[in-house]
Each structure stands twice: as C-alpha cells, then as structure tokens.
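>>> Predicted coordinates and the sequence they were generated for:
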Amino acid sequence: MTQNFAFLKRIYNAFDPFRPLPAGDPAYVDCTEVRGDGDILVEVGREILYSDRVTSQLYAGHRGAGKSTELLRLQQYLDEQGCFVVYFPADEQDIDPEDAQYTDILLACTRHLLEALKDK
C-alpha cells in the first residue's frame, strides 16, 4: 500500500495542472495535432511582432489545458525577439477569483509592470 501511495503521489505531482511548465521544459508535449490549434508562437507571436498597431489577444481554454505553459513559451519567444514582456499569473496575491473587479486586474497589471520596469 505504501509503495502504491508513493507511486501515485509522484504521478499526481508530475501532472499537476495548477503548475505550468517553464518554457523549454523537456516534459512539454506538443498537442497541436490532436487539439487542432495553431502554434501560439506562430499565431499570436507573429501578430504581436508584425503589427504596426497595438493588438489585443485573448487566449482561453479549460483549467489545466496548458494556457499558462503556452504563454510562458510565448514570453520566451518574444523575449528572444527583443520584446519587453511582463508575465504574471493571476493568483490570490493579486486577484480574488471569487470577487474580481476590473480595477483589481488593472492594479495587478500596473504593479507587475512597475516591478518589471524597476528590475530592467
């Protein structure tokens, strides 16, 4: 029983949907063939890089589907292209998921942008 528990615990933590993989992680699996989506680096990355105007992108999906992992890949790609990217998860430190107001989101974005600029 103890051996099975330890094995199940390792599997559970290896596939934790609440912890995104960092860009370049060897555990990353490209699922575009079965998901039917385009590559975020191509679809969203090119839109951001090539556009002469300010763009807004919406990237949505079910919890645990890999949105944060894909956004971390996009961040790395854009960083390599010379862009200044600020990525942060919308967690309880910034936004109460049960009572989020648009002002909370704007303040969280502003705080993380200022911190990133200070570090730069």
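Yep, it's here. Residues are numbered from 1 along each chain as shown.

>>> Quick one: residues contacting the residue most central in space within the chain.
With distances taken as Cα atoms, centre = their mean, the chain has residue 68 as the residue nearest its mean C-alpha position (2.3 Å). Neighbour list for residue 68: 20, 89 [criterion: Cβ atoms under 8 Å, 6 or more residues apart in numbering]. Just so you know, the C-beta spots here come from the backbone N, C-alpha and C atoms, and that holds for glycine as well.

>>> one more time with 10 Å
Contact analysis of residue 68 by Cβ atoms under 10 Å, 6 or more residues apart in numbering lists 17-21, 59, 61, 87, 89-90.

>>> Residue 89 is in contact with residue 71, isn't it?
Yes - look at residue 89 against residue 71 with Cβ atoms under 10 Å: they come within range, at 9.3 Å.

>>> Spit out the residues that contact these two alike.
Shared contacts of residue 89 and residue 71, counting by Cβ under 10 Å, 6+ apart, come down to residue 20.

>>> show me where pLDDT drops low in the protein?
Residue ranges of the chain with pLDDT under 70: 1, 35-37, 92.

>>> How is it divided into domains?
With domains defined by automatic domain parsing, the chain comprises 2-85, 88-120.

>>> show me the residues around the residue lying closest to residue 17 once chain neighbours are set aside that make contact.
Nearest residue to residue 17 in three dimensions, chain neighbours excluded: residue 64, at 2.9 Å (Cβ to Cβ, 6 or more residues apart in numbering). Listed by Cβ under 10 Å, 6+ apart, the contact set of residue 64 reads 15-18, 20.

>>> top of these by neighbour count?
residue 20 (19 neighbours; other Cβ atoms under 10 Å).

>>> dump the residue contacts of that residue.
64, 66-73, 87, 89.

>>> hmm, 7 Å instead?
Contact partners of residue 20, counting by Cβ atoms under 7 Å, 6 or more residues apart in numbering, are 68-69, 72.

>>> Buried residues in the helix ranked longest in the chain, which are they?
In terms of residue count, the longest helix belonging to the chain (DSSP state H) is helix 102-119. Within helix 102-119, the residues that count as buried by 16 or more other Cβ atoms under 10 Å are residue 108.
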